[in-house]
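A.B. asks: sequence first, then the predicted structure, then my questions.
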Amino acid sequence: MESSSSLKGSALGKLVVTSGLLHSSWSKILEIHNPPYSNQDPGLQVSKKKKDSGLEFQIHREEKFTLVVFSAPPICRSSSSDSTLLHVKDKENPFPFLCSENNPSFSLHTPAFNLFTSASTSLTYLKSELLQTLKSEKPVIITGAALGGSVASLYTLWLLETIEPTLKRPLCITFGSPLIGDASLQQILENSVRNSCFLHVVSAQTRIKMDFFKPFGTFLICFDSGCVCIEDHVAVTELLNGVHDSGLVDYSQVLNRLDQSMLSLADSRLIPEDVIKGIEKRAEMKNLRFDMMFKKLNDMKISMAYIEWYKKKCKEVKIGYYDRFKTQLAFPSKEFDINIKNHHKSELNRFWKSVVEEVERRPQSDASILKRRFLFSGNNYRRMIEPLDIAEYYLEGRKEYRTTGRSHHYVMLEKWFGMESILIEKERCKKRDLSDLLTFDSCFWAEVEDSLIVINQLNTTVGMRDDVREVLTRKLVEFEGYVWEIITKREVSPEIFLEESSFMKWWKEYKKIKGFNSFYLTEFMNTRKYESYGKSQ
Amino acid sequence: MAFEALAGISGDLITTSWIASKKAYQTERYHKEEAGTVVIFAFRPSFTAEDLFAPANISSFGEIKMNRVQFPCMRKIGKGDEATVNEVFLRNLEVIIDPRTSFYASVEMAISSRKQIVFTGHSSGGATAILATVWYLEKYFIRNPNVYPEPRCVTFGAPLVGDSIFSHALGRENWSRFFVNFVTRFDIVPRIMLARKASIEQTLPHVLGQLDPRNPSIQESDQRITEFYTTVMRDTSTVANRAFCELTGSAEAFLETLSSFLELSPYRPAGTFVFSTDNRLVAVNNSDAILQMLFYTSQARDEQEWSLIPFLSIRDHHSYGELVQSMGMKLFNHLDLHQCLLDGQNSIGSWLNELGVSTRGRQYVLAALEEEKKRVENQKKIENKWPQIVKELSWIENEYKPKCQAHKNGYYDSFKVSNEENDFKANVKRAQLAGIFDEVLGLSKKGQLPDEFEGGRDWVELATRYRRLIEPLDIANYHRHLKNEDTGPYMIRGRPNRYIYAQRGYEHLILKPEGRIAEDVFWNKVNGLNLGLQQEIQEILKNSGSECGSCFWAEVEELKGKPYEEVEVRVKTLEGLLGGWITAGEVDDKEIFLEGSTFRKWWITLPLNHKLHSPLREHMMDEIRAT
């Protein structure tokens, strides 16, 4: 039996052909290249010709959808492989929103990019008009042949910035167009829904040079006896890569042959077996990666339950889980502690690092599709586990964790949570018991450790200069202010006041240095008000 | 005869049904025929365009949603969306089933004498028969399946009636087996509903004239028929290919983008389809496979056949008489991956070949059947996990709960503070169970479980036990982490879908024999409390935990932070419904009235006047005396 990917590819191909969208697009492309003299199409709205650059476009408002057709002059051979590098920080870059953490820049096909920028004024106008159309629920097709199709692709990419997930996505259909982006752009789009907005129609005889420019989107590859639709870009490359073939393909004929093939009785295999095998293998890998992420999320909740329990047990012996973990690291004795470190914590770290990586492969504006479920568990994870990483860090005798030691995935989790949590109305109850609260600032303990280091410096350095002493003392006061702020906001766990905690150690030392002159904490600490902090009232 | 074993209906009864269907041509609406212990109702077909597409219906396929009060089973239980059917067919049924009609009286009479009913019809008469059967199932059969005889529905060349939810719902209730649809190989009528109304409007009246058995003068080369046939088959191909891509999950995002440009018929085959060849009958009951077959069996074997097919597509609509006559002499096969060979003589491959399905087409049909096999495998995987589910739930029931009760606060409150090792153990079990139930939910949402799974009594009961026992722990966890403060109330932001689906499954199971829906039952109870106008109360109770007994604690947590005057109606609703929940087993009264329970502690703080009139005063006597 034939493999299922090949069936899917040909089912999708047939679907595209019987949809009639190719014919609708192609007939308008013919029209823009050979305009009919007399009877003007009543649906035709705009027709602009830029004399200097040669880019032209038309809008056709059809009954079911709106069609935008781009037409460009023939490709000039000498510049056909030039590329333009665009960085996320470039002012001239119209596509900064496409850049991701992993791919801050990408290159575009210069002739297409120049045509695109030359018409930027009229294209901006067109953009707002199309957005209106999309908002009215009418889908939009953007199309063009050869270089016109490349500009159509660029224009679609640009339009996609402003399309919210609730709107219908536009579809860009190109016919025999040169590729427009490099490997970075391919990577950026690979994991994005934007990739689904491009349908490139190519004849199987065409050979495209793919040494620098890489394919993205879905390809409809047309053979004499049928067609296949493929999204897998490795397979597309395998099927189409070759020496550039300048022979012009008449897509009117290609489309007619496709129509014939829909009715034909012949069943022919169109793609070699090894290409199919590759497609299947990659699809399986991709599914697995995604499924694993969701399945593992649940295992991670179990690990979190263990750590939550660990935290509870530590509190019973008057030491916070942070300090317990730190002393146990130095002198491991109980299996429970070792298990926490070697099993649960490292599993959690590995999982969340991979989640962050997955998200970073996506374009910035897509990252928000990180499900709320992931977002909140990620935040919980960060607040619970990062203190343990901090304990390890300072035990190795290092300092300044927040600025030099923090793992990138924590930074990102915090950033995403911050972006999302603004959207939620918060109603924190003043009376609520805080005993299970996780300190909001997951780097709190790093601040404590750095302050302890400062105190140590002040206490042990002989003959310290006054100005140095003053700088260090100011650091301590700043820390005190920070602690006071999170106490008044009720954002810190009451566990920091446990007898054996590093924070209490800090306070005792700090009190010695500052006497009773400290600004905020003195009364709160000396009158033992902290004992009732976070208790329900 | 093997046929009877599969379709539950004898060859003789099929013959009688066909004869009755023909007699119905001459009637106003239907023809009734008694044959021993069986009563046959055959419906008259119509061959006018207005009887295929409701003239006032502006949708592209003349479709409409089924009314959930009248047809409570015809929807997806978890997600809740109703089945879609052809509007004219439904209106037609409504006229027939009006209690003042002779049809209604005849059905009542047949039922009172416990006679089996067969609903049948040729062409659009078959569509009426399908809906009449659904009506019988919902109105009579479900109320008492032991008393009312199983109905049968036999159609000959009927157009498709409902969408994939329609077919799913029949499968879930285990009703699909009552429907047998005969299709001669080229008959266009079972394919017509897959075409867009707009694309066939012009040629439809002419073709219907040709299809009408009362003026059988078909010409062999009729351009309008060729045009009609080509259009229908092109749209059929689009629907079949789209369905195949969706079924096998390829290029999902691209398919979604592309689909917003396509107008796709919602109609899908439902029940068993029997395709006929010269010497064989082939039965299929997988809707996805039937859809592929509707396209591929109508393709030509060679060029010569090709030019003839449009003519055959009309002629075959008239050839059910021959089919029925020759039925006894034909071989009968059932297309089922579990029992049949794929290749060689007397294999699925050879039967499909006889039906004119090409090699490529055969692969599509087989791939669709293969998906059903995967669904069955998925169900097995889940069933393998039942012992673990039962084990964890039993631990909670037999170990955890009694120990917590001994501490006088109950497992909800114990879990909320989580100071004991048992609380931690319960938390691990909660997470393990959530993993299993979320996996089931994921499969069911993607349609990767057999239709019957969702309605299975054993599963629904297990899920209910899980929901009642574990949801309180989820609520406790939610409030322990103060998520109500940074995420919002549990009922709006926090309630996992696995509980919502479990709740709906349970409600469906217990309410369907009464033919009622959960919303109505809930409002009946609330209105019985006489707290004010339903409209106002509806606004107040939006997203309240009183919607479901296992959310009792979520409502308590929400209410306890608010002044009594603000939430008086909600408090009274909760108290009013509590008795019912305790009786039904939704809430454990051994738990909530314990001394240390959050509920009791909060209840004490309510105003004295309220407490004196509360239905709970019996349970709280000590507290009232103390004040």
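C.D. replies: Arrived safely.

A.B. asks: and stretch A:484-491, what's buried?
C.D. replies: A:486-487, A:490-491 (16 or more other Cβ atoms under 10 Å in any protein chain shown). From N, CA and C alone the C-beta is placed, and that goes for glycine too.

A.B. asks: again with stretch B:138-158
C.D. replies: B:138-142, B:148-149, B:151-158.

A.B. asks: before we move on, back to that, which among the buried residues of stretch A:484-491 gets closest to B:Thr487?
C.D. replies: A:Glu491 (16.3 Å; Cβ to Cβ).

A.B. asks: the closest one - nearest residue in space that isn't next to it in sequence?
C.D. replies: Leaving aside its sequence neighbours, A:Glu491 sits nearest to A:Phe440 (Cβ to Cβ, 6 or more residues apart in numbering or on different chains; 4.0 Å).

A.B. asks: quick one: stretch A:494-505 to chain centroid distance?
C.D. replies: Here the centre of stretch A:494-505 is set off from its chain's centre by 39 Å, with Cα atoms, centre = their mean, to the nearest Å.

A.B. asks: for that stretch, buried residues please.
C.D. replies: By neighbour count on 16+ other Cβ under 10 Å, the buried set for stretch A:494-505 is A:494-498, A:501-504.

A.B. asks: include secondary structure, pLDDT and distance to B:Thr184 when you put the residues you listed into JSON lines, please.
C.D. replies: Converted to JSON lines, the buried residues of stretch A:494-505 look like this (DSSP: H, G, I helix; E, B strand; the rest coil; pLDDT from 0 to 100; distance: Cβ to Cβ, whole Å):
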{"residue": "A:Pro494", "secondary structure": "helix", "pLDDT": "92", "distance to B:Thr184": "79"}
{"residue": "A:Glu495", "secondary structure": "helix", "pLDDT": "92", "distance to B:Thr184": "78"}
{"residue": "A:Ile496", "secondary structure": "helix", "pLDDT": "93", "distance to B:Thr184": "81"}
{"residue": "A:Phe497", "secondary structure": "helix", "pLDDT": "93", "distance to B:Thr184": "84"}
{"residue": "A:Leu498", "secondary structure": "coil", "pLDDT": "90", "distance to B:Thr184": "83"}
{"residue": "A:Ser501", "secondary structure": "coil", "pLDDT": "91", "distance to B:Thr184": "84"}
{"residue": "A:Ser502", "secondary structure": "helix", "pLDDT": "93", "distance to B:Thr184": "84"}
{"residue": "A:Phe503", "secondary structure": "helix", "pLDDT": "94", "distance to B:Thr184": "84"}
{"residue": "A:Met504", "secondary structure": "helix", "pLDDT": "93", "distance to B:Thr184": "88"}
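
A.B. asks: inside helices: which ones of the buried residues of stretch A:484-491?
C.D. replies: Among the buried residues of stretch A:484-491, the members falling in helices are A:486-487 (criterion: DSSP state H).

A.B. asks: spatially, which two of the buried residues of stretch A:494-505 are the most separated?
C.D. replies: Going by Cβ to Cβ, the pair spanning the buried residues of stretch A:494-505 furthest: A:Pro494 and A:Ser502, at 14.9 Å.

A.B. asks: what is the burial count for B:Val69?
C.D. replies: Look at B:Val69: counted by other Cβ atoms under 10 Å in any protein chain shown, it has 11 neighbours.

A.B. asks: list the contacts of B:Arg315.
C.D. replies: B:186, B:218 (Cβ atoms under 8 Å, 6 or more residues apart in numbering or on different chains).

A.B. asks: following the chain onward from the helix or strand it falls within, which element is next?
C.D. replies: Per DSSP states H and E, B:Arg315 falls inside helix B:303-315. Under the assignment DSSP H and E, the closest C-terminal helix or strand after helix B:303-315 is helix B:320-326.

A.B. asks: B:Asp166 contacts B:Asn86, correct?
C.D. replies: For residue B:166 the amino acid is Phe, not Asp. No - using Cβ atoms under 8 Å, B:Phe166 is not in contact with B:Asn86, being 10.2 Å away.

A.B. asks: circling back to that earlier point, any chance of JSON lines for the buried residues of stretch A:494-505, columns distance to A:Thr206?
C.D. replies: Shown next, in JSON lines, are the buried residues of stretch A:494-505 (distance: Cβ to Cβ, whole Å):
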{"residue": "A:Pro494", "distance to A:Thr206": "69"}
{"residue": "A:Glu495", "distance to A:Thr206": "67"}
{"residue": "A:Ile496", "distance to A:Thr206": "68"}
{"residue": "A:Phe497", "distance to A:Thr206": "73"}
{"residue": "A:Leu498", "distance to A:Thr206": "72"}
{"residue": "A:Ser501", "distance to A:Thr206": "70"}
{"residue": "A:Ser502", "distance to A:Thr206": "68"}
{"residue": "A:Phe503", "distance to A:Thr206": "69"}
{"residue": "A:Met504", "distance to A:Thr206": "74"}
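
A.B. asks: from the residues you listed, pick the one nearest chain B.
C.D. replies: A:Pro494 (13.4 Å; Cβ to the nearest Cβ).

A.B. asks: what's the average pLDDT for the helix or strand harbouring B:Val239?
C.D. replies: Using DSSP H and E, B:Val239 sits in helix B:223-247. What helix B:223-247 shows for mean pLDDT is 93.

A.B. asks: neighbouring contacts of the following helix or strand past that helix?
C.D. replies: On the C-terminal side of helix B:223-247, the closest following helix or strand by DSSP H and E is helix B:252-259. Under the criterion Cβ under 8 Å, 6+ apart, residues A:12, A:15-16, A:19, A:21, A:169, A:171, A:193, A:195-197, A:199, A:218, A:231, B:242, B:245-246 lie in contact with helix B:252-259.
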